[in-house]
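K.L.:
model this:
(chains A, B and C)
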Amino acid sequence: MTDLKNINLEECLELLKRKKISSKELVSFYLKEAELNKELNAYISLNSENAIKSAEESDKRIASNTTRPLEGVPLAIKDLFCTKDVLTTAASKMLNNFIPTYESTVTQKLWDAGAILLGKTNLDEFAMGSSNETSFYGPSINPWSKDRKKYVPGGSSGGSASAVSGNIAIAATGTDTGGSIRQPASYCGIVGLKPTYGRCSRWGIVSFASSLDQAGPMTKTVNDAALMLDVMAGYDEKDSTSANLEKINFYKNLKKNKKLRIGIPKQYKNDQLNKEIIKFWELGIDFFKKNNCEVIEIDLPHTEYALATYYIISSAEASSNLARYDGIRYGLRKVSEDINNLYEQTRSDGFGDEVKRRIMVGTYVLSAGYYDAYYLKAQKVRSKIINDFNQAFKKVDVIFTPTAPSDAFEQGSKIDDPIQMYLNDVFTVPVSLAGLPAISVPIGLSSNNLPLGFQIIGKRFDEDSVLSAAKIIEENANFKKEIG
Amino acid sequence: MQNLKDWETVIGLEIHAQIISKSKLFSGASTNFGSEPNTQVSLVDAAMPGMLPVINKDCVKQAIKTGLGLNGQINKRSVFDRKNYFYPDLPQGYQISQFTQPIVGKGSIEIDLKDGSSKKIGITRLHLEQDAGKSVHDLEPNKTYIDLNRSGIALMEIVSEPDIRSAEEAQEYVKKLRSILRYIGTCDGNMEEGSLRCDVNISVRKKGEELGTRSEIKNVNSIKSIGQAVDYEFKRQIEIINSGGKIDQETRLFDEKKGETRSMRTKEEAHDYRYFPDPDLPPLEIKDDWINQIKKNLPELPDVKKEKLIKEHKISSYEAAILVSDKNNVEFFDKIINENKKRNPKNIANWIIGDLFSLLNKNNLEIKNSPVKAEDLGELIDLIEDSTISGKIAKNVFEEMFKTKKKAKDIIEKKGLKQITNIDEIETIINKVLNNNKDKVEEYKSGKEKLFGYFIGQVMQETEGTANPGIVNEILKKKLAN
Amino acid sequence: MDIDKKLVKKIATLSKMKIEENEVEKFSNELSKIINWVEKLNEVDTKNITPITNPSDIKIPFRKDKINDGKIKDKILKNAPEKKAGYFVVPKVVE
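P.N.:
Below is the predicted model:
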């Protein structure tokens, strides 16, 4: 009997192709597993009925050998992607009743490739958070918590990370604005890839920060991430920030062995950094050296300003992007006889505290008298950060850093201190500001028996190098994917 | 009583012109006027979650054309900014506009005033922005109904320098601007339908002194209203200052019925629009090639055409101004003169402005729907020129052409209106008339010279007006001299 | 820069949210902390630096002027909390 629980996407596709399992079996199995593991709270909704129907369709195609690249595979989709006729909540009370009449470009590509919607995964409300604790539907749990205290899966794509890591999804999609794919991937011991800004379309994804948001795969292996990226990526004329480039076959390109120059940013290594993380960092560097890669120290001088820059810019954009949630055309409405009151009650009731905080910070930094000092300043510092990377990439092909400054933290331990929460993103945020591709790949377990992931950053549109370098870590680290 | 002569008014106008295009600025929904509510709305226009803007190339082209028509500086790089505020007919909670880097910079237009002088009015800038939807307040007592059909239609906001100094100048500015927009086909300038909207910024000051505080007048929906609003505000502001008060910098509404402006009651504190560059839209870059191509294909502007009419065709300034006031007039004129360069342009102008306009006005028609086509009028003019018919008969023929849409030649044939120019023929008729009126001939010969006109009249009657008057005159004179 | 209670209320009004009296102090504290924290950007010398709005160097893509959208009234109104005769309905707005 095939162990369906621990298979990855690549293996799954092989089994389906060789007709060792049917799509219907696969989908039924995962729906059941999802039900059995409700305590993870990884899913906001399951697509039970339609998933089975789609599986039956896929089985027909498999039988007649008219399969598409991801035929018959169930996928978990972060509940930030609008899925046609399927509840899409952004984990917010504001959209708790919203059923889109349209499908996001990225998910449509997945369905066109034969994949099946298993369910919508939990996240931090409107993608704002690093722990999945701000969700209207309750927090998601890190499966590595097992029978001890509850650890966070990270955020904002906590549900997707939890599902893949907890084996109640074969693979998932997430979105990354400041680290929302990479950091939960690190905490949950899975692979999470944030493509170059513009690589995947943003059309139909609930917008948080327009100049930072990117959709990406969250998977068990690097190969799986490449398989999914092949389908998810591509130009979309409905998105003015979408890159119009020649199609690349990322999965095929992985087979080629790349000799890479690895950059280690000296500003990321300071004495405040966790000793375990430094140990694993050195281990990773060794892996690269063993694989004929040159390791070079590089300079990213404006690193310490990245978080503040990110929070100003992302909050400003969010404050404007979330203005459309006003109770008028869709979503929550608090009835009132006065329009102003309707706005205020709806938005106060519909948004959670973290969302409110960011909207207010964003409104403040854009307001008259403060724009120059905060927003404009941040955009200038952003320019300097981008320049730092451009300079560094003259000397190296990829940059290797920890994904997060620690392993997963306990639920409730940071939620009352926004800034402590924001510091989780210190390594991931500079990448987002520069729009670069980056992946988190698990390297080992902390002394607390929780996963640690490391990040590989590449040049714009060079996901190939990022994936190749990630493979080196993956193959050498031999991370125990089984929890326990 | 206050001496208004010591005061002057400083006026700047902000015009919002709806761009002529098939689809909206950032979405592919139609821009048609008057459809059923919310039928011309895309997901983007309704600001559904995850929707993104994509810009309409033609709208950009229209803005460039307009900029060129206003002698404006086309900015090769411009940026779209979000203007953030809440209003039910603004689905995004922000309007996509241009704040710091508009598509067109400084320009100017010339206006002609009643006293015959011309004045240059500067234009500060032109930028692209989205129109908002419509709020309907009178369909249910305690509710407002929202229709988003208009939401997202492309607008050009054209801001003038505060160079305007009177109601007349304000009106002429808008008229001239409207005619330019119509000429180049970028806006139909229909103020009643709201495709051209005007906000008036007005302040007063004693001549020679510093600028006063200005008020912004909204809801000025016609040329007439512009004049009224300016006159009213001028007096209102002076009265306040004269009685020791201060002018509030505020937005006021123009009340068409009363011809007055009044303060907007629900004036919250000044909007903080928190403009910032729209991260969903990269900067707009316009290449020189494109600008040059557009320049080449730009139709002749009214001022240039007017000069040509005066210089080349020797048409009076007054008539030239009337012709160029509407591109359709010019096209009509051009068709006639271009078909046959031998035709007399002054004649053509007279016929158009006199006879044609008169009948069009009577029948409430526009020249583009004229029952008499340009070629047909041209033919008529030729028939007068070659003496086929007289000028007087031609006027009747023209009326008949207008009524029946028939061609001149057909009407002349059918009614036998051809001018008689045959000397023998005319002489025969004259002899007949003189023979029938022997007594009057005697009277004429004994001094009653007025009877000459009587004889002409009789000849005309006999020939139903078709005898060539010149020839009749000559022959009659000869005969009566004997 | 401290975000005092008055400023919190002003920002809340601008962003059309209502902060209850008993929460104003909490938000005031949190926002002040955040704003003070981001002020470290003042340490960076940004003279003559062009601000960046979007990390990509994509030029704005153009769309042809074609009518290829709209006429989806039912979809547009489908999720509306209140609608009538094809319109969205809201409480009377006084202009």
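K.L.:
against residue B:273, how distant is the residue in the stretch 351-484 of chain A that chain B sits nearest to?
P.N.:
Nearest residue of the stretch 351-484 of chain A to chain B: residue A:366, at 3.8 Å (CB to the nearest CB). The way it works is simple: take the backbone N, C-alpha and C, and place the C-beta from them, glycine included. The gap separating residue A:366 from residue B:273 is 9 Å, by CB to CB, to the nearest Å.
K.L.:
got the residues of chain C near chain B?
P.N.:
C:14, C:16, C:53-54, C:56, C:58-73, C:75-77, C:84-95 (CB under 8 Å from any CB of the partner chain).
K.L.:
filter these to the buried ones?
P.N.:
C:14, C:16, C:53-54, C:56, C:58, C:60-63, C:65, C:67, C:69-73, C:75-77, C:87-91, C:93 (16 or more other CB atoms under 10 Å in any protein chain shown).
K.L.:
and those residues near chain A, which?
P.N.:
Within those, those near chain A by CB under 8 Å from any CB are C:14, C:16, C:53-54, C:56, C:58, C:60-61, C:63, C:72, C:75-76, C:88, C:90-91, C:93.
K.L.:
which of the residues you listed lies closest to residue A:381?
P.N.:
residue C:53 (13.3 Å; CB to CB).
K.L.:
quick one: the closest one is in a helix?
P.N.:
No: assessed with DSSP: H, G, I helix; E, B strand; the rest coil, residue C:53 is coil; it does not lie in a helix.
K.L.:
next, it: phi, psi?
P.N.:
phi -90, psi -30 (degrees, to the nearest 10).
K.L.:
then residue A:186?
P.N.:
phi -60, psi -50.
K.L.:
what about it, how many neighbours?
P.N.:
If you count neighbours by other CB atoms under 10 Å in any protein chain shown, residue A:186 ends up with 33.
K.L.:
for the residue of the stretch 351-484 of chain A closest to chain B, grab the count of nearby residues.
P.N.:
Residues within reach of residue A:366, counting by other CB under 10 Å, total 26.
K.L.:
cool, the one 4 residues further on as well?
P.N.:
Close neighbours of residue A:370, defined as other CB under 10 Å, add up to 16.
K.L.:
ditto for residue A:4
P.N.:
18.
K.L.:
quick check: closest non-adjacent residue to residue B:253.
P.N.:
residue B:219 (4.9 Å; CB to CB, 6 or more residues apart in numbering or on different chains).
K.L.:
checking the one you found next. Helix, strand or coil?
P.N.:
With three-state DSSP as the basis, residue B:219 sits in strand.
K.L.:
how much space between it and residue A:76?
P.N.:
Taken as CB to CB, the span from residue B:219 to residue A:76 is 54 Å.
K.L.:
which one of the two has more residues nearby?
P.N.:
residue A:76 (31 against 19).
K.L.:
C-terminal to the helix or strand that contains the more buried one, what's the next element?
P.N.:
Following DSSP states H and E, one finds residue A:76 within strand A:74-78. Note on strand A:74-78: by DSSP H and E, the next helix or strand toward the C-terminus is helix A:105-112.
K.L.:
packing partners of that following helix?
P.N.:
strand A:74-78, strand A:172-176, helix A:222-232 (3 or more CB pairs under 8 Å, 6 or more residues apart in numbering or on different chains; DSSP states H and E).
K.L.:
and the residue of the stretch 201-350 of chain A closest to chain B?
P.N.:
residue A:323 (2.4 Å).
K.L.:
residue nearest the centroid of chain B?
P.N.:
residue B:179 (4.2 Å; CA atoms, centre = their mean).
K.L.:
only alpha carbons, please: show the host helix or strand of it as CSV.
P.N.:
With elements taken from DSSP H and E, the one containing residue B:179 is helix B:167-184. What follows is helix B:167-184, C-alpha atoms only, in CSV (Å, rounded to 0.1, in the frame of the first residue of the first chain):
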residue,chain,number,x,y,z
ALA,B,167,-16.7,86.9,-16.7
GLU,B,168,-16.4,87.4,-20.4
GLU,B,169,-12.8,86.2,-20.4
ALA,B,170,-13.9,83.1,-18.5
GLN,B,171,-16.6,82.3,-20.9
GLU,B,172,-14.4,82.9,-24.0
TYR,B,173,-11.7,80.7,-22.4
VAL,B,174,-14.1,77.8,-22.0
LYS,B,175,-15.6,78.3,-25.4
LYS,B,176,-12.2,78.4,-27.1
LEU,B,177,-11.0,75.4,-25.1
ARG,B,178,-14.2,73.5,-26.0
SER,B,179,-13.8,74.2,-29.6
ILE,B,180,-10.2,73.1,-29.7
LEU,B,181,-11.1,69.8,-27.9
ARG,B,182,-13.9,69.3,-30.4
TYR,B,183,-11.6,70.2,-33.3
ILE,B,184,-9.1,67.6,-32.4
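K.L.:
one step back: verify the contact between the residue nearest to residue B:253 and residue B:257 for me.
P.N.:
No: look at residue B:219 against residue B:257 with CB atoms under 8 Å: they stay out of range, at 11.7 Å.
K.L.:
which parts of the stretch 301-450 of chain A are helices?
P.N.:
For the stretch 301-450 of chain A, the helices defined by DSSP state H, counting those that start in this stretch cover A:306-321, A:339-350, A:353-366, A:377-392, A:418-422, A:429-434.
K.L.:
what are the ranges of the helices in chain C?
P.N.:
C:5-14, C:21-38, C:73-78 (DSSP state H).
K.L.:
isn't the residue of the stretch 351-484 of chain A closest to chain B up against residue B:94?
P.N.:
No: with contacts counted by CB under 8 Å, residue A:366 stays clear of residue B:94, the gap being 10.7 Å.
K.L.:
mutual contacts of the two, please.
P.N.:
A:320, B:84 (CB atoms under 8 Å, 6 or more residues apart in numbering or on different chains).
K.L.:
which intervals of chain C have sub-threshold pLDDT?
P.N.:
C:95 (pLDDT under 70).
K.L.:
do that again at 90, thanks
P.N.:
Residue ranges of chain C with pLDDT under 90: C:1-4, C:22, C:30-39, C:52-59, C:94-95.
K.L.:
in it, which strand is the longest?
P.N.:
strand C:87-91 (DSSP state E).
K.L.:
mind giving me the packing neighbours of it?
P.N.:
Partner elements for strand C:87-91 (3+ CB pairs under 8 Å, 6+ apart): helix A:339-350, strand B:134-140, strand B:143-147.
K.L.:
name every strand pairing with that strand and say which way it goes.
P.N.:
Using DSSP bridges, the strands paired with strand C:87-91 are strand B:143-147 (antiparallel), strand C:83-84 (antiparallel).
K.L.:
could you confirm whether stretch B:119-135 reaches chain C?
P.N.:
Yes: counting by CB under 8 Å from any CB, chain C has neighbours in stretch B:119-135: residue B:135.
K.L.:
point out the most buried one among the strands paired with strand C:87-91.
P.N.:
strand B:143-147 (a mean of 22; mean count of other CB atoms under 10 Å in any protein chain shown).
K.L.:
contacts for that one, please.
P.N.:
Contact with strand B:143-147 is made by A:328, A:339, B:37-38, B:88-89, B:133-137, B:139, C:84-93, as judged by CB under 8 Å, 6+ apart.
K.L.:
how about the longest helix belonging to chain B: buried residues?
P.N.:
The longest helix of chain B (DSSP H) is helix B:223-242. By neighbour count on 16+ other CB under 10 Å, the buried set for helix B:223-242 is B:223, B:225-230, B:232-234, B:236-238, B:241.
K.L.:
now do stretch A:394-411
P.N.:
Neighbour counts using 16+ other CB under 10 Å place A:396-409, A:411 of stretch A:394-411 among the buried residues.
K.L.:
same thing with stretch A:312-330?
P.N.:
Quick answer for stretch A:312-330 (16+ other CB under 10 Å): A:312-330.
K.L.:
equivalent analysis for stretch A:230-243, please.
P.N.:
A:230-236, A:238-243.
K.L.:
quick one: it near chain B?
P.N.:
Yes: against chain B, stretch A:230-243 shows contacts by CB under 8 Å from any CB at A:237, A:238, A:239, A:240, A:241.
K.L.:
reformat the helices of chain C as a markdown table; add distance to residue A:268.
P.N.:
What follows is the helices of chain C, written out as a markdown table (distance: least, CB to CB, whole Å):
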| stretch | distance to residue A:268 |
| --- | --- |
| helix C:5-14 | 34 |
| helix C:21-38 | 20 |
| helix C:73-78 | 48 |
